[in-house]
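Asks: Next comes the sequence, and after it the predicted model I'd like to discuss.
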Amino acid sequence: MKGSVADILMRLTALSQELAGAFRPATIVEIVARALTEQLAPARLSVMLLDIDTNRLVVTYHNGPRCGAAHSCSPTASQPAPPSWT
């Protein structure tokens with residue numbers, strides 16, 4: 001167990017040093033996305049940042065399949081009717 005904890009601390013320390021040298025938000029997103037992809041190997045990863053001028057979330061990184069009309073997450077896909085409250 002100690003070996004795995006030491007390994008995690010070493011990786012986090014290396015990540016923090018790399019992030020400390022980053023200035024641009026795009027560079028930070030790339031570093032974080034790469035670290036998450038290497039460590040967790042997700043099928044899909046999206047990173048969003050808050051634009052403080054417009055108070056809107058902006059997708060700054062996406063890796064994985066894109067949703068299309070055939071997927072249930074598409075706004076054009078058929079959705080069940082909302083329940084009737086009458």
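Replies: In hand now; what should we look at? Numbering: from 1, shown residues only.

Asks: quick one: pLDDT of residue 14?
Replies: As summarised for this prediction, residue 14 has a pLDDT of 92.

Asks: what's the burial count for it?
Replies: Residues contacting residue 14 under the criterion other CB atoms under 10 Å number 11. No exception for glycine: its C-beta is placed from N, CA and C like everyone else's.

Asks: what do you get for residue 42?
Replies: Residue 42 has 11 neighbours, counted by other CB under 10 Å.

Asks: was I right about it contacting residue 36?
Replies: Yes. Here residue 42 reaches residue 36: they are 7.0 Å apart, a contact under CB atoms under 8 Å.

Asks: Show me the contact partners of the helix ranked longest in the chain.
Replies: Ranked by residue count under DSSP state H, the longest helix found in the chain is helix 2-20. Helix 2-20 has contacts (CB atoms under 8 Å, 6 or more residues apart in numbering) with 28, 31-32, 35, 39.

Asks: Downstream of it, the next helix or strand is which one?
Replies: The element immediately downstream of helix 2-20 (helix or strand, assigned by DSSP states H and E) is helix 25-40.

Asks: pLDDT value on residue 42, please?
Replies: If you check residue 42, the pLDDT there is 89.
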